[in-house]
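> Kindly generate the corresponding structure for this input.
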Amino acid sequence: MGFRDWIGWMFFVDLLHGLRLTLSYLFSPSITLQYPDREKWIPYPRFRGHHYLRSDSDGTTRCVACELCARICPCHCITVVPHTAADGERRPQVFDIDLARCLFCGLCEDACPVEAIALGQNYEFSQYTPAALRADLDQLASMPGKVDRGGYVVAARLEAGTRISPTGSTEEGRHWWQQIRGMRVKRDE
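Sure, this is the predicted structure:
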């Protein structure tokens, strides 16, 4: 066996090793989530998504406009302008968050003394312009909060609007990690 034959044999073996790996991925089950047409992932409760403002039982926001969230924010995306009401309570007149600049680090949530601001589970808030990513006080007060459970995939259908609505119930969902690993899904009874 000459030097040329040896070089060809060596490269052919390496090529077969690479093709073996490629073919193993080609014939393995797909782990792609069919988002947004067929499936939607429901995040875990600890997921940090779109901000929302919590309100009291009477419907007023809990925020006392202390501006701690704006001071601790590393990217300076929160603007709070305080206003003192006639009854002496301090409330925000302006509460804006620039979601295009936000890191979603959760420091604003940790700094709030009255737990007024929190990061929810909504991750579908893409827009065409950066100006549309500014959330004001009314938007933050109307955003949905957190759910008790998460980490599963539900069936979904594409609506005429901008959001995806789940068509299946929570029990019909599949835990996404079990789906990826090919484990049997244990349903909650």
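
> Now the longest strand along the chain: buried residues?
Ordering each strand of the chain by length in residues (DSSP state E) puts strand 90-98 first. By neighbour count on 16 or more other Cβ atoms under 10 Å, the buried set for strand 90-98 is 91-92, 95-98. (C-beta placed from N, C-alpha, C; glycine too.)

> what about dumping the CA coordinates of it to PDB?
What follows is strand 90-98, C-alpha atoms only, in PDB (Å, rounded to 0.1, in the frame of the first residue of the first chain):
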ATOM      1  CA  ARG A  90     -48.100  58.600  46.500                       C
ATOM      2  CA  ARG A  91     -48.800  56.900  43.200                       C
ATOM      3  CA  PRO A  92     -47.100  56.900  39.800                       C
ATOM      4  CA  GLN A  93     -48.200  59.500  37.400                       C
ATOM      5  CA  VAL A  94     -46.000  57.900  34.700                       C
ATOM      6  CA  PHE A  95     -44.600  54.400  34.800                       C
ATOM      7  CA  ASP A  96     -42.900  53.400  31.500                       C
ATOM      8  CA  ILE A  97     -40.700  50.400  30.700                       C
ATOM      9  CA  ASP A  98     -38.700  50.300  27.400                       C
END
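
> Please identify the pairing partners of it and their relative orientation?
Here strand 90-98 is paired, per DSSP bridges, with strand 78-84 (antiparallel), strand 134-135 (antiparallel).

> can you list contacts of the first one?
Looking back up the chat, that one is strand 78-84. With Cβ atoms under 8 Å, 6 or more residues apart in numbering as the test, strand 78-84 has contacts from 63, 65, 67, 69-70, 90-98, 108.

> could you redo the last one with a cut-off of 7 Å?
Counting contacts by Cβ atoms under 7 Å, 6 or more residues apart in numbering, the residues outside strand 78-84 that touch it are 65, 67, 69-70, 90-97, 108.

> check contacts around the most centrally placed residue in the chain.
With distances taken as Cα atoms, centre = their mean, the residue of the chain nearest its centroid is residue 123 (3.7 Å). Residue 123 makes contacts with 43, 49, as judged by Cβ under 7 Å, 6+ apart.

> Sticking with it, tell me its helix or strand.
Per DSSP states H and E: residue 123 is located in neither a helix nor a strand.

> Can you verify my assumption that residue 134 contacts residue 95?
No. If you go by Cβ atoms under 7 Å, residue 134 and residue 95 don't touch, sitting 11.1 Å apart.

> what's the domain layout of the chain?
Listed domain ranges for the chain are 30-45+147-189, 51-142 (source: automatic domain parsing).

> quick one: low-confidence ranges for the chain?
Within the chain, the ranges that satisfy pLDDT under 70 run 1, 8, 157-189.

> Alright, that wraps it up for me.
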